[in-house]
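**Q** structure for this input, please:
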Amino acid sequence: MDPRPLRPGDHVELACEAVEWLDRVSFPAVVRVVFTDAQGRAWSLVDKAPIFGTDLDPASALPTPAAVRCVVKEFRDMPDASSASLVLVSTEPDGVATEDGTAVFLVSVDLLGPVASR
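**A** Next comes the predicted model:
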């Protein structure tokens, strides 16, 4: 995604990977997704499968691509112009957070895409 058209407040999707079903029996099923931030830290989010994409259901084989809706908070300048731009995003649109409550992440713009209809 080209960072120029993005502005703080814009809604985007952060690419992640669904890696584990935590509860396939309940409706909707509960799944764990992971992604890596701009500093190389791996993060894990857990919520109902529809939060992470409409193609995700209890019959889906894992791992599989997924996404979480985010809102752009701000952009961070990169000292190296050859590096991908960094964007501070929040997973607040769907109320998703890590186990410790973290919901704001600094990620490469390469992980962001347009919001798909769900």
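**Q** quick one: Glu13 is in a strand?
**A** Yes. Applying DSSP: H, G, I helix; E, B strand; the rest coil, one finds Glu13 inside a strand.
**Q** that one and Ala59, how far apart?
**A** Distance, Glu13 to Ala59, using C-beta to C-beta, to the nearest Å: 23 Å. In short, each C-beta sits where N, CA and C put it, glycine included.
**Q** quick one: which of the two has more around it?
**A** Neighbours per residue (other C-beta atoms under 10 Å) separate Glu13 from Ala59, with Glu13 holding more: 22 against 7.
**Q** which residue packs closest to the more buried one, ignoring adjacent ones?
**A** Nearest non-adjacent residue to Glu13, counting by C-beta to C-beta, 6 or more residues apart in numbering: Ala67, 4.0 Å away.
**Q** counting by contacts, list what the host helix or strand of that neighbour packs against.
**A** Element membership for Ala67 (DSSP states H and E) is strand 64-76. Counting contacts by 3 or more C-beta pairs under 8 Å, 6 or more residues apart in numbering; DSSP states H and E, strand 64-76 is packed against strand 11-23, strand 30-36, strand 86-90.
**Q** 10 Å - rerun?
**A** Packed against strand 64-76 by the contact rule (3 or more C-beta pairs under 10 Å, 6 or more residues apart in numbering; DSSP states H and E) you find strand 11-23, strand 30-36, strand 42-48, strand 86-90, strand 104-108, strand 112-113.
**Q** return the list of strands paired to it, each annotated with direction.
**A** Next to strand 64-76 in the sheet, as set by DSSP bridges, lie strand 11-23 (antiparallel), strand 86-90 (antiparallel).
**Q** might you report the residue contacts of Lys95?
**A** Not Lys; residue 95 is Gly. Asp47, Ile51, Ala103 (C-beta atoms under 10 Å, 6 or more residues apart in numbering).
**Q** mind checking which of these are buried?
**A** Asp47, Ile51 (16 or more other C-beta atoms under 10 Å).
**Q** before we move on, back to that, now do the strand holding Ala67: distance to the chain's middle.
**A** With C-alpha atoms, centre = their mean, to the nearest Å as the basis, strand 64-76 stands 5 Å off its chain's centre.
**Q** check stretch 88-97 too.
**A** 8 Å.
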